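Participant: I need the structure of the sequence given here:
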Amino acid sequence: MTETAPTPRKASQGGGLIRSSLLLSGLTLVSRFMGLARDLVLTARLGASATIAADAYYTALAFPNLFRRIFAEGAFSSAFIPAYTKTLTGEGQAQADRIASDALATLAAATIALTLAAQLAMPWLMYVINPGYASDPAKFKLAIVLTQISMPYLPCMAIGALLSGVLNAHRRFILTGIFPTILNLVMLAAVIPQTDPVRAAWAASIGIPIAGVLQAGLLWWGARQAGAHIRLRWPKLTPEIKALVSLAIPGAIAASAVQINIFISGILASQVAGGRAWTEVAARLYQLPLGLIGVAVSVALLPRLSAAIQAADHDDAQAATDQAVIFSLALTAPAAAALVAMPFFLIDGLFTRGAFTVQDARETGWILFNYGWGVPAFVLARVLQPAFFARADTRAPMRFGLISVAVNIVLGLALFQVVGVKGIAAATSAAAWINVAQMALLLARRGDYSPTKAAWSRIVRIAAASIAFGAVLGLASHQRALIEAPLRGFHFVGLGAKEIAVLATAAAGVALYGLLLLAFRGITPAEIKAALRRRPGDAAISADL
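Facilitator: As a prediction, this is how the structure comes out:
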């Protein structure tokens, strides 16, 4: 099938989508590097299986984060942004401000109530979220207290999610990409001075809500700079808010299926000493593509899809989704190949130090391997969901998400009995692929979206380049000793042979994949130039806050 040349308008929009995604991905990459620095310090201070501090702290971080992702990356990416965008373009800023103010009041009230209820019920909730801790009273008590401390992060981030939606609707992406860095900076400042694992866990947990207040404040300022004047008021269930809630609840469940599955995995992992810490350390690497690519693309895609569907422009909706799928796979498939090809090399090279042992790295590496082959599904779920949300359909993705959760529970319990914690990761990856398959089949059956022949050709070529890339990295992992040998005794800014070896291998791998992608024609130099070329209508995307 011959690809027809896009019209200038659609070319510009396509470039804008990819540029917006790249901008968000680049800013998120900065945050994730800061997060990696934070996690290197935390694992060295807290350890994993040898102390009670690590499992307790990761519980304190995971529980509010689950609800943050449900409210922040679920409800308001699925319901608020299309509603706000439609009101902003159709009725003006004043009416959009009114809806945003009502939504903010309702969301703040709901999350504050949920936070207070969770804090009061935490001694009983801990038996549900981490039943394995009950056999260790000291760990159980510490996990309860630290989670109670961290829970106020939830309303801060729910408010931040709404403000991020406002900024995205105004095509202001910089602050949305920057604000996660605040959490990493605050936690580094809190943890670096600590030497005792338990004291470090306390310091890190106290830093979580402090960072949340700073993040929400920054986004509030950014929204006002963008021209949105959102006011504090008592919550009112107006007809618009009732409609928003009716869409947001199933949308939140749908968009959070992956996170719910991961949280369930953590519950099962709590049965093993260090299991929670192993899964959280693995998450730092396999969730990197999800944050860099999946979230960035879905955030940039949803406003454009909403506008295209509102204008009944099926061609633009098709082109936008094709671009999002191809772009996300071009960056996600090689990440998955790397995680599958060299998991222990990555974990041992980056995290084994201090209280985090080689055995911890070995167990974490197996978990990372089994999450690795699910990474493309984690990202594709975030890319396909806007195709439903932009059409005001949140119930179908919710249904698929619940099926995915059920599969994860049943399969996770079965595999956990057979192969341990790594079986939990395998179940989560399998459930994610089932979720994606259901969404793709329904979109195709409705005629809303299926990749064009040209898009399928690109997907096959990207897969071929990624397989070749993974084979080379697998060989490098097998020959790790040869790579590290010339570096023995060499140190650079605190990095030794194993750290430099894994970083050098990763850097060489990025360059190699770029060459393979061009060689397989998964992407062409002309397309790279077109995606990065700024047009007058796109200036605000990169220049404004």
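Participant: OK, contacts around A96?
Facilitator: 84, 87-88, 169, 228 (CB atoms under 8 Å, 6 or more residues apart in numbering). The way it works is simple: take the backbone N, C-alpha and C, and place the C-beta from them, glycine included.
Participant: narrow those to those in helices?
Facilitator: Within these, residues falling in helices by DSSP state H are 84, 87-88, 169.
Participant: and these, which two are the farthest apart?
Facilitator: T87 and A169 (9.2 Å; CB to CB).
Participant: who's more crowded, these two?
Facilitator: Neighbour tally, T87 and A169, criterion other CB atoms under 10 Å: the higher count belongs to A169, 25 against 20.
Participant: mind pulling up the pLDDT for that one?
Facilitator: On pLDDT, A169 comes in at 74.
Participant: that one and M122: what is the separation?
Facilitator: Counting by CB to CB, to the nearest Å, the gap from A169 to M122 is 36 Å.
Participant: can you check I483 too?
Facilitator: 46 Å.
Participant: likewise A228?
Facilitator: For A228 relative to M122 (CB to CB), the value is 36 Å.
Participant: same deal with V502?
Facilitator: 38 Å.
Participant: neighbour count: those two, which is higher?
Facilitator: Using other CB under 10 Å as the criterion, V502 and M122 rank with V502 on top: 23 against 18.
Participant: excluding chain neighbours, what is closest to the more buried one?
Facilitator: Among residues not flanking V502 along the chain, G349 sits closest, at 3.1 Å (CB to CB, 6 or more residues apart in numbering).
Participant: ok, that neighbour - contacts?
Facilitator: G349 makes contacts with 498-499, 501-503, as judged by CB under 8 Å, 6+ apart.
Participant: which non-adjacent residue is nearest I112?
Facilitator: In space, and not counting its chain neighbours, I112 is closest to P155: 5.0 Å by CB to CB, 6+ apart.
Participant: and the gap between the one you found and A406?
Facilitator: Taken as CB to CB, the span from P155 to A406 is 30 Å.
Participant: who has more neighbours, those two?
Facilitator: Between P155 and A406, counted using other CB under 10 Å, the more crowded position is P155 (27 against 12).
Participant: now do the buried residues in the one helix or strand T505 maps to.
Facilitator: Element membership for T505, per DSSP states H and E: helix 497-519. Neighbour-count burial for helix 497-519 flags 497-502, 505-506, 509, 512-513, 516-517 (criterion: 16 or more other CB atoms under 10 Å).
Participant: cool, and stretch 223-233?
Facilitator: 223, 226, 228, 230.
Participant: wait, a helix at Y449?
Facilitator: No. Y449: not assigned to a helix; according to DSSP: H, G, I helix; E, B strand; the rest coil it is coil.
Participant: tell me the contacts of the nearest residue to it once chain neighbours are set aside?
Facilitator: Excluding the flanking residues, the one nearest Y449 by CB to CB, 6+ apart is L443, at 4.4 Å. By CB under 8 Å, 6+ apart, L443 lies in contact with 384, 387-388, 449-450.
Participant: which two of these have the greatest separation?
Facilitator: Across the contacts of L443, the longest distance by CB to CB is 14.0 Å; it joins F388 and S450.
Participant: neighbour count for these two, which is higher?
Facilitator: Neighbour count, other CB under 10 Å: between F388 and S450, F388 has more, with 26 against 16.
Participant: what's the average pLDDT for the helix holding T505?
Facilitator: Helix 497-519 shows a mean pLDDT of 84.
Participant: chain center to it: distance?
Facilitator: 23 Å (CA atoms, centre = their mean, to the nearest Å).
Participant: by contact count, what packs against that helix?
Facilitator: Where contact means 3 or more CB pairs under 8 Å, 6 or more residues apart in numbering; DSSP states H and E, helix 497-519 is packed against helix 314-341, helix 343-351, helix 453-478, helix 480-484.
Participant: nearest to V436, out of those helices?
Facilitator: Between the helices and strands packed on helix 497-519, helix 314-341 lies closest to V436; by CB to CB that is 10.8 Å.
Participant: got the buried residues for that closest one?
Facilitator: Neighbour-count burial for helix 314-341 [16+ other CB under 10 Å]: 316-341.
Participant: shouldn't C156 be in contact with P209?
Facilitator: Yes. Using CB atoms under 8 Å, C156 is in contact with P209, at 6.8 Å.
Participant: more neighbours: which of these two?
Facilitator: C156 (25 against 21).
Participant: and that one, what element?
Facilitator: Under the assignment here (DSSP H and E), C156 is part of helix 153-169.
Participant: so what does the helix or strand following that helix touch, helix or strand wise?
Facilitator: Following helix 153-169 in sequence order, the next helix or strand is helix 174-178 (DSSP H and E). For helix 174-178, the helices and strands in contact under the criterion 3+ CB pairs under 8 Å, 6+ apart are helix 8-46, helix 153-169, helix 197-225.
Participant: what mean pLDDT does helix 174-178 get?
Facilitator: Model confidence over helix 174-178 averages 71 on the pLDDT scale.
Participant: can I get it in CSV, CA atoms only?
Facilitator: Written as CSV, here are the backbone C-alpha positions of helix 174-178 (Å, rounded to 0.1, in the frame of the first residue of the first chain):
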residue,chain,number,x,y,z
ILE,A,174,7.3,21.8,30.7
LEU,A,175,6.1,22.0,34.3
THR,A,176,4.2,18.7,33.9
GLY,A,177,7.5,17.1,33.0
ILE,A,178,9.6,18.9,35.7
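Participant: so how far is that helix off the chain centroid?
Facilitator: Computed by CA atoms, centre = their mean, the chain-centroid distance of helix 174-178 equals 15 Å.
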